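> sequence first, predicted model second:
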Amino acid sequence: QVQLVESGGGLVQAGGSLTLSCEASGRAFSMFPLGWLRQAPGKEREFVAAIRWSSDTTYYADSVKGRFTISKDHAKKTVYLQMNKMRPEDTAVYYCAAALGPAGLTETSAYRYWGQGTQVTVSS
């Protein structure tokens, strides 16, 4: 099992940047690929980005490609989401989540363990 704690959310103006952090704990944390997903008010939760601990393979939703970057620090057991050129439509609660395996990481159904979420608000 893995526990996840997000931090770094807040308010930012359109065009600005924000970095989210997700610290993982648990004996087997590196077995689980980690992803960032978000949920805006009145909308379904959607995939944003994912990364595998065992490689440098990353995955991104089309809506964030070229603006967001996911990265990891294995020693700190932490995954980051660097968000640049932010837009009002990026406003959502962002969740860090761990998947059971490397398959289907762009699907929300792949994720088993979830953090508590952190609010990100982009003002226009």
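Everything's here; your move.

> so in that sheet, which strands flank the helix or strand Leu20 falls within, and in what orientation?
Applying DSSP states H and E as the criterion places Leu20 in strand 18-25. With DSSP bridges as the test, strand 18-25 is paired with strand 3-7 (antiparallel), strand 78-83 (antiparallel).

> for Ala98, which of the ones you listed is the nearest?
Taking C-beta to C-beta, strand 3-7 is the member of these nearest to Ala98, at 6.3 Å. (Glycine included, C-beta is placed from N, CA and C.)

> run through who's touching the closest one.
20-26, 34, 94-98, 113-118 (C-beta atoms under 8 Å, 6 or more residues apart in numbering).

> generate a PyMOL selection restricted to the buried subset of the residues you listed.
Per 16 or more other C-beta atoms under 10 Å, the buried members of the contacts of strand 3-7 correspond to this PyMOL selection:
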select buried, resi 20+21+22+23+24+34+94+95+96+97+98+113+115+117+118
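
> how about the strands in this structure?
3-7, 10-13, 18-25, 34-39, 46-51, 58-60, 68-73, 78-83, 92-99, 111-114, 118-123 (DSSP state E).

> between those strands, which gets nearest to Leu105?
Across those, closest to Leu105 is strand 46-51 (C-beta to C-beta), at 4.2 Å.

> tell me what the closest one is packed against?
strand 34-39, strand 58-60, strand 68-73, strand 78-83 (3 or more C-beta pairs under 8 Å, 6 or more residues apart in numbering; DSSP states H and E).

> winner for burial among these?
strand 34-39 (a mean of 24; mean count of other C-beta atoms under 10 Å).

> returning to that earlier point: out of the helices and strands packed on strand 46-51, which gets nearest to Gly10?
That would be strand 78-83 among the helices and strands packed on strand 46-51, by C-beta to C-beta, at 11.0 Å.

> quick one: mean pLDDT over that closest one.
For strand 78-83, mean pLDDT is 97.

> what's next to it, contact-wise?
17-24, 34, 36, 48-49, 51, 64, 67-73, 90, 94, 96, 120.

> distance check, Ser21 against Lys65.
According to C-beta to C-beta, to the nearest Å, Ser21 and Lys65 sit 21 Å apart.

> centre-most residue in this protein?
Trp36 (1.9 Å; C-alpha atoms, centre = their mean).

> kind regards, and thank you for your time.
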